[in-house]
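Undergrad: next come a sequence and a model predicted from it.
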Amino acid sequence: MSTQVVSPKQDVYEQITQAVIEGIESGAGGYRMPWHNLETPVNASNQKPYRGINSIVLWAVAQKQGYAHPQWATYRQWQELGAQVRKGERSTTVVFWKFFDERIESETPDGDDEEQTKQQRRCIARSYHVFNAAQVDGYIPPPVPRMSSSERIEHAEDFFSRVPATVKHGGDRAFYSVTGDYIQMPGFEQFQSAESYYSVRGHESVHWTGAPGRCNRSIHNRFGNPEYAFEELVAELGAAFLCASLNIHLQPRTDHAPYIANWLNALRNEKRFLISAASKAQQAADYLHQIAAAGERRAS
């Protein structure tokens, strides 16, 4: 079965990309990207977390506008919650994907009167416009449960212990070895904080998911080419999704400075670059959660 993507209005991709470009530019001086955020954006109406590209966009807008709350909803949803979007407030565009199958009939290759019927999977992107809790009156955000620092670190350690990646410690560099299929990390004591360690561990773990038999991405690339920059963005976004789910702050990294210009250039020239990277990153984060959950079941 083949898959065909049916594009939404062209400016939807432009709006999403521009929001993230502005977020990256506003934080580039301190290497702070829009996804260096602790809390996952959620829909205020149903409390479901946003995923993939929508998380990135909402983080970017929240960073630029200084929104302190992770709750978002459409105009109608806020009304249903008894709140009112203030006059003059600007919405943020998010995208949802709907898949459906259709039957396609075609003539047989030899040109006779018989027809072949096959199914093709189509995907339609629909845009929605949402507002942050800071843009409405009459709504009191619910208290967000907070883990203590020790609880967060214990939770992160337990999670990564259930990911069956080979991790070696030593030296002063963190990387994933494609040829050796292992993650190399500096010693724990070399990091400024436990959160810094797990932030980097998450980044390298996402690289690890790219190997054949896992998420199977193209990771045999050299520094400086577009494919390498794309994989680094996948790892950065995947680590953001992972760390947000673990209540760990993703730490700004000065060694990502060379990538920022490449990311901005790619975003300006290819509208689907960000959406593709976010999709691969969400897939990687989901994969890590799945195998960690499987490890927990085996241990119980």
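TA: Happy to help now that I have it. Remember, it's a predicted structure, so these values are computed and weren't measured experimentally.

Undergrad: outline the domain layout of this structure.
TA: Per the record, the chain has its domains at 2-9+41-137, 149-299, by automatic domain parsing.

Undergrad: roughly how far is the longest one from the heart of the chain?
TA: Which is domain 149-299. On the basis of CA atoms, centre = their mean, to the nearest Å, domain 149-299 sits 11 Å off its chain's mean C-alpha point.

Undergrad: what's around the nearest residue to residue 218 once chain neighbours are set aside, how many residues?
TA: Nearest non-adjacent residue to residue 218, counting by CB to CB, 6 or more residues apart in numbering: residue 227, 6.0 Å away. Just so you know, the C-beta spots here come from the backbone N, C-alpha and C atoms, and that holds for glycine as well. Using other CB atoms under 10 Å, residue 227 has 13 neighbouring residues.

Undergrad: hmm, residue 82 is touching residue 136, no?
TA: No: Residue 82 is beyond contact range of residue 136, at 9.9 Å (criterion: CB atoms under 8 Å).

Undergrad: residue ranges with poor pLDDT in this structure?
TA: The chain contains residues with pLDDT under 70 at 1-13, 15-16, 26-38, 98-125, 220-226, 251-259, 296-300.

Undergrad: show me where it has its strands.
TA: Counting by DSSP state E, one finds strands in the chain at the ranges 2-6, 42-43, 71-74, 84-85, 92-107, 115-132, 136-137, 167-169, 175-177, 182-185.

Undergrad: so residue 199 makes contact with residue 246?
TA: No: under the criterion of CB under 8 Å, residue 199 makes no contact with residue 246, lying 9.8 Å away.

Undergrad: how about stretch 269-288: buried residues?
TA: Neighbour counts over stretch 269-288 (16 or more other CB atoms under 10 Å) mark 271, 273-275, 277-288 as buried.

Undergrad: got it, and stretch 184-198?
TA: Buried residues in stretch 184-198, counted by 16+ other CB under 10 Å: 184, 185, 191, 194, 195, 196, 197, 198.

Undergrad: reformat these as CSV; add distance to residue 62.
TA: Output for the buried residues of stretch 184-198, formatted as CSV (distance: CB to CB, whole Å):
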residue, distance to residue 62
184, 34
185, 31
191, 27
194, 25
195, 20
196, 23
197, 26
198, 23
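
Undergrad: look up how far residue 292 lies from residue 217.
TA: 19 Å (CB to CB, to the nearest Å).

Undergrad: same check on residue 199?
TA: 17 Å.

Undergrad: of the two, which one has the most company?
TA: Counted by other CB under 10 Å, residue 199 and residue 292 do not tie: residue 199 has more neighbours, with 24 against 18.

Undergrad: and the more buried one, how far is that from residue 41?
TA: Relative to residue 41, residue 199 is positioned 19 Å away (CB to CB).

Undergrad: same check, this time on residue 147
TA: Applying CB to CB to residue 147 and residue 41 gives a distance of 19 Å.

Undergrad: higher neighbour count, those two?
TA: Remark: of residue 147 and residue 41, residue 41 carries more neighbours, 27 against 13, as counted by other CB under 10 Å.

Undergrad: enumerate every residue touching that one.
TA: Contacts for residue 41 (CB atoms under 8 Å, 6 or more residues apart in numbering) come out as 49, 50, 54, 55, 58, 59, 62, 70, 71, 72.

Undergrad: excluding covalently adjacent residues, which one is nearest to the fifth one?
TA: Leaving aside its chain neighbours, residue 58 sits nearest to residue 41 (4.0 Å; criterion: CB to CB, 6+ apart).
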